[in-house]
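> coords please:
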Amino acid sequence: MTQVDPTRMANAIRGLAMDAVEKAKSGHPGLPMGAADIATVLFTQFLKFDATDPKWPDRDRFILSAGHGSMLLYALLYLTGNAEMTLDQLKHFRQLGSKTPGHPENFHTSGVETTTGPLGQGIATAVGMAVAEKMLAAEYGRKIVDHHTYVIVSDGDLMEGVSQEAIALAGHWKLNKLIVLYDDNGISIDGPTSISDSVDQVKRFKSAGWAAELIDGQDQAAIAAAITRAKDSNKPTMIACKTTIGYGAPNKAGTAKAHGEALGADELKGAKEKLGISLEPFSVPDDVLAAWRATGARGAEAKQEWETRLAEMGPRKRAEFERRLRHERPASLGKALKEHKQKLLASPLNVATRKSSEAAIEVIAEAMPFEFVAGSADLTGSTNNRAKTAENFSAKTPKGRFIHYGIREHGMCAAVNGIFLHGGFAPHGATFLTFSDYARPAMRIAALMHAGSVYMMTHDSIGLGEDGPTHQPVEHLAALRAIPNMRVFRPCDAIEVAECWELALNRNDGPTVLALTRQNVPQLRTSAPADNPCSHGGYELVAAQGDAKVSFFASGSEVEIAVAAQKTLTERGIASRVVSVPALELLLAQPAEKRAAIIGNAPVKIAIEAAVRWGWDAVIGQDGEFIGMHSFGESAPAKDLFKHFNITAEAAVNAALKRLGNS
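Purely as a prediction, here's the structure:
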């Protein structure tokens, strides 16, 4: 094939980006225009991928952390021959039903590795991907796992706080196969970044243990040389590529006007004339398109060689590798947890659910020792999620399966997302429930992109006691339940904990929160049915003797209170029942007939939860009784707090009697 000028290849990206944004009258043309040379060098000379198989396990990962510049990625997918990314899709940029939404969505568009847009999420998730690559390579060897993670970041990505958490972790772990290309254009929406920022990013990255340098981001030879150096480094690398936002635009280049709005017909025409691009919208010269398609096909040989090496692997080991990449759990997991539950029935465990979770984790880690990855944001001794056999993950011990994230909740949860998305592992991260506030952006993104991440959140109510209202979650359960596709489990005892862990680990279409207690709770369950009652979100724990006049609904530690209240009413001759609700939103998602059967038709319905009422009206009705929190907590021992806030069996009984007209 005749050699095509790489500048013309970069201009193809620029032209498509300008045209798509102009047609949509919405979008961000500036970054694709400025970073086109970076992307051209990366894709044509370095990125290992096969456009016909975007899910090839040993492909290099490319993450556009600066998701607002999505047309850069969409143009690349089209040019390199991704089957789903047609020219028609580019013409429908940002339109309903298209494969080209405003920001990249991995669950929607083939070839997108992770959903980005909220700045900082891409680079933080990429750290998790690089961790997964390092772990999997240490286990299976470089013949099977040997790829890089490349990230294009913007000024905004590096301003977000989560970027510092991610950068520090990557440097500490010496993730040398992580290469960040910084589109250093010095412009944000409000204008020059100098109005709000004066950080020397090269020094910043170096201080965190990275290799870092500044180059001309419009010089393709300089870009190639820098990436070559990065691939030879024993550290993660950041290459600050000095670019001009809106490169080629005659009047708007280098200004905020090129950032987040269409150029306008006159400016677009001027830019195309200046760059030598056809004025015909969405046109790419045949030789340029052919060169790009050759780039997309280049990785086919590498993939075929990899498949040959994979075929040479022992059949059992290969099957295990492929199973893990599919996020299928081993049969041994279900068997081990079943045996664990039977042991609990024989010898009840009356401890905090964080402690019964610890017991479940020991069983899980034994059943899936290489794929079960745990971690904590500097609270390991409190969250109790480190198996006794676990080795710490570090630069020197990449086979370790417990990750110390430090006090970096946001970075931890984003990394957990990246580890899951990479494939091969079942990761979770742990902290206190109240600190989900720090991690919510990453948790929300996981729900949006259907990532099966698990977030273990202990100290789940005023029951944590003396640390007081700063640490006592009140609104957090409601806030997390409000996130679409987020599953929040709050188990009441050791049996429910085991059931919830099993459901969390087998979920691949969205994230799960496990909210666990600090204080001890009794084991209330006396059976462990094969259908896993927690899978329905709620179930009848204690049946009424006769037609129920009162139904108590509760989650977590408050189920004990509901059981005590039910016992008192029974002694008074009032038929009542207890429904344990480990996952409120899962209960509400049940088919209408199933949901109605669980909720029942008792005339008096009372919910008990040491949190705000939000969400419970769907079960108890607006006129139902709620025993819970109506304010922040206090600093005191847990038992005193439950009495102080009137979250007691006595309060539940009195509420029932009042509604029944008894005294």
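
> for this structure, give me the ranges with low pLDDT.
1-2, 663 (pLDDT under 70).

> ok, then the element right after the helix or strand in which Arg354 is found?
Arg354 is part of helix 353-367 when elements are defined by DSSP states H and E. Counting by DSSP H and E, the next helix or strand C-terminal to helix 353-367 is strand 372-376.

> burial of the closest residue to Asp19 other than its chain neighbours, as a residue count?
Spatial nearest neighbour of Asp19, excluding adjacent residues (C-beta to C-beta, 6 or more residues apart in numbering): Pro281 at 4.6 Å. In short, each C-beta sits where N, CA and C put it, glycine included. Other residues lying near Pro281 total 16 when counted by other C-beta atoms under 10 Å.

> show me the contacts for Pro281.
19, 22-23 (C-beta atoms under 8 Å, 6 or more residues apart in numbering).

> cool, and Asn234?
Asn234 touches 174, 176, counting by C-beta under 8 Å, 6+ apart.

> separation between it and Gly171?
12 Å (C-beta to C-beta, to the nearest Å).

> now do Gly615
41 Å.

> of these two, who's got more company?
Gly171 (22 against 18).

> mind checking the SS state of that one?
helix (DSSP: H, G, I helix; E, B strand; the rest coil).

> distance of the nearest residue to it once chain neighbours are set aside from Gly254?
Spatial nearest neighbour of Gly171, excluding adjacent residues (C-beta to C-beta, 6+ apart): Gly209 at 2.9 Å. The gap separating Gly209 from Gly254 is 33 Å, by C-beta to C-beta.

> just the terminal-to-terminal distance for stretch 576-595.
By C-alpha to C-alpha, to the nearest Å, the extent of stretch 576-595 from end to end equals 18 Å.

> flag every buried residue along that stretch.
Under the neighbour-count criterion of 16 or more other C-beta atoms under 10 Å, stretch 576-595 has 576-588, 590, 595 buried.

> for Leu588, give me its contacts.
537, 595, 618-619.

> Ser196: which of those residues is nearest?
Nearest to Ser196, judged by C-beta to C-beta, of those is Ala618 at 43.6 Å.

> mind checking which helix or strand the closest one is in?
Here Ala618 is assigned to helix 617-620, by DSSP H and E.

> return the distance of the next helix-or-strand element following that helix from the chain's centre.
Remark: after helix 617-620, the chain's next helix or strand is strand 625-628, criterion DSSP H and E. How far strand 625-628 lies from its chain's middle: 33 Å, per C-alpha atoms, centre = their mean, to the nearest Å.

> may I have the strands that pair with strand 625-628, each with its orientation?
strand 604-609 (parallel) (DSSP bridges).

> just checking, what packs against the helix or strand hosting Glu320?
Secondary structure from DSSP H and E places Glu320 in helix 315-325. Other elements packing on helix 315-325 under the criterion 3 or more C-beta pairs under 8 Å, 6 or more residues apart in numbering; DSSP states H and E are helix 299-312.

> which residues touch the helix it packs on?
48-53, 56, 58-59, 143-144, 318, 321.

> and the angle from that helix to helix 315-325?
130 degrees (axes from the mean of the first three to the mean of the last three C-alpha atoms, to 10 degrees).

> got the buried residues for helix 299-312?
Neighbour-count burial for helix 299-312 [16+ other C-beta under 10 Å]: 299, 303, 306, 310.

> out of the buried residues of stretch 576-595, list just those in helices.
584-588, 595 (DSSP state H).

> for Val41, state which of the residues you listed is nearest.
The nearest one, if we look at those relative to Val41 and count by C-beta to C-beta, is Glu585, at 46.3 Å.

> and the residue nearest to Asp19, its phi and psi?
Dihedral angles phi and psi of Pro281 (degrees, to the nearest 10) take the values phi -60, psi 140.

> hmm, back to that, take the buried residues of helix 299-312 and lay them out in JSON lines including distance to Ala66.
Listed next are the buried residues of helix 299-312 as JSON lines, based on distance: C-beta to C-beta, whole Å:
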{"residue": "Gly299", "distance to Ala66": "24"}
{"residue": "Lys303", "distance to Ala66": "28"}
{"residue": "Trp306", "distance to Ala66": "30"}
{"residue": "Leu310", "distance to Ala66": "34"}
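
> could you work out the most separated pair of the residues you listed?
Gly299 and Leu310 (15.3 Å).

> related to what we said a few turns ago, buried ones from the contacts of Leu588, can you make that a ChimeraX selection?
Provided next is the ChimeraX selection string for whichever of these are buried by 16+ other C-beta under 10 Å:
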select :537,595,619
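
> in the contacts of Leu588, find the pair that's most separated.
Taking C-beta to C-beta, no two of those sit farther apart than Gly537 and Ala618, at 11.4 Å.

> coming back round to it: mind checking how far the residue nearest to Asp19 is from Phe93?
Where Phe93 is concerned, Pro281 sits at a distance of 12 Å (C-beta to C-beta).

> mutual contacts of those two, please.
What both Pro281 and Phe93 touch, as defined by C-beta under 8 Å, 6+ apart, is the set Lys23.

> burial count for the residue nearest to Gly171?
By other C-beta under 10 Å, neighbour count at Gly209 equals 18.

> residues making contact with the helix holding Ala618?
Here helix 617-620 has contacts from 553, 581, 584, 587-588, 599, 605-607, 624, 626, using C-beta under 8 Å, 6+ apart.

> now those as JSON lines including distance to Leu516?
Below are the contacts of helix 617-620 laid out as JSON lines (distance: C-beta to C-beta, whole Å):
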{"residue": "Phe553", "distance to Leu516": "20"}
{"residue": "Val581", "distance to Leu516": "16"}
{"residue": "Leu584", "distance to Leu516": "16"}
{"residue": "Leu587", "distance to Leu516": "19"}
{"residue": "Leu588", "distance to Leu516": "22"}
{"residue": "Ile599", "distance to Leu516": "25"}
{"residue": "Lys605", "distance to Leu516": "26"}
{"residue": "Ile606", "distance to Leu516": "24"}
{"residue": "Ala607", "distance to Leu516": "20"}
{"residue": "Gly624", "distance to Leu516": "26"}
{"residue": "Phe626", "distance to Leu516": "22"}
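
> quick check, nearest of these to Lys272?
Nearest to Lys272 among these, with distances taken as C-beta to C-beta, is Leu588, at 53.4 Å.

> leaving out the residues flanking it, which one is nearest to Arg204?
Ile167 (7.5 Å).

> between which two of the contacts of helix 617-620 is the distance greatest?
Taking C-beta to C-beta as the measure, the contacts of helix 617-620 have their most distant pair in Leu588 and Ile606, spaced 17.5 Å apart.

> burial measure for Gln622, as a count.
6.

> phi, psi for it please.
Per degrees, to the nearest 10, the backbone of Gln622 is at phi -60, psi -20.

> and the host helix or strand of Thr125, what does it pack onto?
Secondary structure assigned from DSSP H and E places Thr125 in helix 121-140. Counting contacts by 3+ C-beta pairs under 8 Å, 6+ apart, helix 121-140 is packed against strand 61-64, strand 149-153, helix 155-159, helix 161-172, strand 178-184, helix 409-422, helix 436-448.

> which residues of the stretch 451-600 of the chain fall in helices?
476-481, 494-505, 558-571, 584-588, 592-599 (DSSP state H, counting those that start in this stretch).

> determine which of those helices approaches Ala390 most closely.
Nearest of those (C-beta to C-beta): helix 494-505, 15.8 Å.

> which elements pack onto the closest one?
Using 3+ C-beta pairs under 8 Å, 6+ apart, helix 494-505 sits against helix 331-346, helix 353-367, strand 487-489, strand 512-515.

> give me that answer again for 10 Å
If you count contacts as 3 or more C-beta pairs under 10 Å, 6 or more residues apart in numbering; DSSP states H and E, helix 494-505 packs onto helix 331-346, helix 353-367, strand 426-432, strand 454-458, strand 487-489, strand 512-515.

> of the ones you listed, which approaches Thr526 most closely?
Taking those one by one with C-beta to C-beta, helix 331-346 is closest: 7.0 Å.
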